[in-house]
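Participant: fold the following.
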Amino acid sequence: MGVARVCIIGGGSTYTPELVEGFIDAAADLPVERLTLMDIDASRLDILGRLARRMVDAAGVGISVDWTTDRAEAVTCADIIVTQIRVGGLAARIRDERIPIRHGIIGQETTGPGGFAKALRTVPVMLDLAKDIERLAPSARWVNFTNPSGLITEAILTHTEVEAIGLCNSPRGALVSIAGLLDADPTRVRLDYVGLNHLSWVRGVELDGRDVTDDVIERAIKEEMLPEFAPEYLRALRMLPSYYLDYYVNTDRVLCEQRAATRTRGEIVLEVERELLALYQDESLVSKPPQLEQRGGAHYASAAIALLRAMESDAGDVQIVNTANGGAIPDLPEDAVVEIPCVVDRTGARPIPAGPMPPEIRGLVQAVKAYEQLTIRAAVDGDDRVALLALTAHPLVPSFDAARRLWHDIRRENAEFLRRFGGTA
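Facilitator: Numbering: from 1, shown residues only. Take a look at the predicted model:
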């Protein structure tokens, strides 16, 4: 590929050093001329911008680093755009976790009512960004990490003319973990992977073309790779579920743990971020610090670099990403964004036909996809009626009355971000 101009929207994120390190490591075959960080938080942006510049200078890779709070300036003429924003910051995340727990419902930032609130804040911002990209960088490759990644990517693909691919580190993490169980290089392992972002299953595993699914399940049980799930459940299911299925399979236990906890995950992350930002200001720091692992996001950069490398080199690699279904899963609408293996080349990501989902997972996936599509409609139109229907449709919300109470609190506590909603819940 030629020399690229990369723009990271949400460049003030503590995850940014992961991406910077990824571009440094891939400099030989994914050369970057300019890296522009953009964020609305000027203070955080300055800290991350200076660290990124020190990192590339120390590595001697010749990447020019700049940063700006002007989104249009950042996007203009970019070849690659990566989005990793959190509208409302960690304060909003903590509210997303706390509000559902008050109502006796799972509180999590991407799943259930918490993910719903996050989506309502985020979709309008991302659609507005899409207008800038269409006008100022129409040929850019857009990789979206912003959560809920599948829902956000579907909003972009169905309500704008811009192409985007949603990405999550979880599929890459599953591949690496399963390869580790088999003591094999990940390139030798092929996953039959199906579902939605944060609602997915490994239906089958091949090693050098040989089916080893049952062996992998037994090894996963022995090594406690998925301690959230009972061995009997994994054997009966004969699939490896995403960690996020814990919220659906073990709802009572998880809710009990959340109610008993003194802090939510967001409150823990807030403390970790303060420590990281203090570290990042150390002028002697010229590499990603090991403390970043506490923040999560393993395989974050490797997933992004692998995707971009495959697109730019026209490799035709198989990677698991979030993109329009296009009939690959016949149980879901064609325009629904799904998380499945795709052939990735210069044209983008083409889903590999997955066939029908088995009944043990089909109903849940269809219900969550219906909730996602209603949530997108509510976010785009600012429609209270549709927002209520979206919450009612979610499998973790037990009733319309519960949805109505949730919506009252979500709308009140996110009022500055949900001004387009003007009706009465």
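Participant: make it CA atoms for all contacts and neighbour counts henceforth
Facilitator: Will do.
Participant: neighbours around His235, how many?
Facilitator: Actually, residue 235 is Arg. It isn't His. A count of neighbours around Arg235, defined by other Cα atoms under 10 Å, yields 14.
Participant: can you point out the helix or strand that includes it?
Facilitator: helix 231-237 (DSSP states H and E).
Participant: does the closest residue in space to Pro241 that isn't next to it in sequence count as helix, strand or coil?
Facilitator: Leaving aside its sequence neighbours, Pro241 sits nearest to Trp201 (Cα to Cα, 6 or more residues apart in numbering; 4.4 Å). Secondary structure, DSSP: H, G, I helix; E, B strand; the rest coil: Trp201 is strand.
Participant: for Trp201, give the beta-bridge partners.
Facilitator: Val194, Pro241 (DSSP bridges).
Participant: verify the stated contact: it with Gly195.
Facilitator: Yes - assessed by Cα atoms under 8 Å, Trp201 is found in contact with Gly195 at 6.4 Å.
Participant: neighbour count winner among the two?
Facilitator: Relative neighbour count places Gly195 above the other of Trp201 and Gly195, with 27 against 24, counting by other Cα under 10 Å.
Participant: so the nearest residue to that one once chain neighbours are set aside bridges to which residues?
Facilitator: Spatially, and ignoring its direct neighbours in sequence, Gly195 is nearest to Glu339 (5.5 Å; Cα to Cα, 6+ apart). Counting by DSSP bridges, Glu339 is bridged to Asn322.
Participant: how about Glu339, what does it touch?
Facilitator: Residues counted as contacts of Glu339 (Cα atoms under 8 Å, 6 or more residues apart in numbering) are 150, 193-197, 200, 320-323.
Participant: state the pLDDT value of it.
Facilitator: Per-residue pLDDT puts Glu339 at 98.
Participant: next: Gln291.
Facilitator: Value for Gln291, per-residue pLDDT: 86.
Participant: quick one, phi/psi of the closest residue to it other than its chain neighbours?
Facilitator: Setting aside the residues directly before and after it, Gln291 is nearest to Leu276 in space (Cα to Cα, 6+ apart), at 7.2 Å. Here is the backbone geometry of Leu276 (degrees, to the nearest 10): phi -60, psi -40.
Participant: quick one: contacts for Leu276?
Facilitator: 14, 291-292.
Participant: just the helices in the stretch 301-425 of the chain please.
Facilitator: 359-381, 384-393, 400-413 (DSSP state H, counting those that start in this stretch).
Participant: where does this structure dip in pLDDT?
Facilitator: 1-3, 297, 423-425 (pLDDT under 70).
Participant: before we move on, the earlier item: if you count neighbours, what's buried in the helix holding Arg235?
Facilitator: 231, 234 (16 or more other Cα atoms under 10 Å).
Participant: please save the CA atoms from the helix or strand containing Tyr248 in CSV.
Facilitator: Element membership for Tyr248 (DSSP H and E) is helix 246-249. The C-alpha trace of helix 246-249 is given here as CSV (Å, rounded to 0.1, in the frame of the first residue of the first chain):
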residue,chain,number,x,y,z
ASP,A,246,-23.1,-14.8,31.1
TYR,A,247,-25.6,-12.0,31.5
TYR,A,248,-28.3,-14.1,29.7
VAL,A,249,-27.4,-17.6,30.9
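Participant: pull the residues that contact it.
Facilitator: With Cα under 8 Å, 6+ apart as the criterion, helix 246-249 contacts 106, 228-229, 254, 396.
Participant: quick revisit: and which of the contacts of Leu276 is nearest Thr392?
Facilitator: Thr14 (34.5 Å; Cα to Cα).
Participant: how close does that closest one get to Glu97?
Facilitator: Computed as Cα to Cα, to the nearest Å, the Thr14 to Glu97 distance reads 20 Å.
Participant: compare neighbour counts for those two and give me the winner.
Facilitator: Legend: neighbour count by other Cα under 10 Å for Thr14 and Glu97, higher for Glu97 (28 against 20).
Participant: helices along the stretch 101-250 of the chain, start to end?
Facilitator: 113-136, 149-159, 169-181, 213-222, 231-237, 246-249.
Participant: on that earlier part again, farthest-apart pair in the contacts of Glu339, please.
Facilitator: Among these, Gly150 and Tyr193 lie farthest apart (Cα to Cα), at 15.1 Å.
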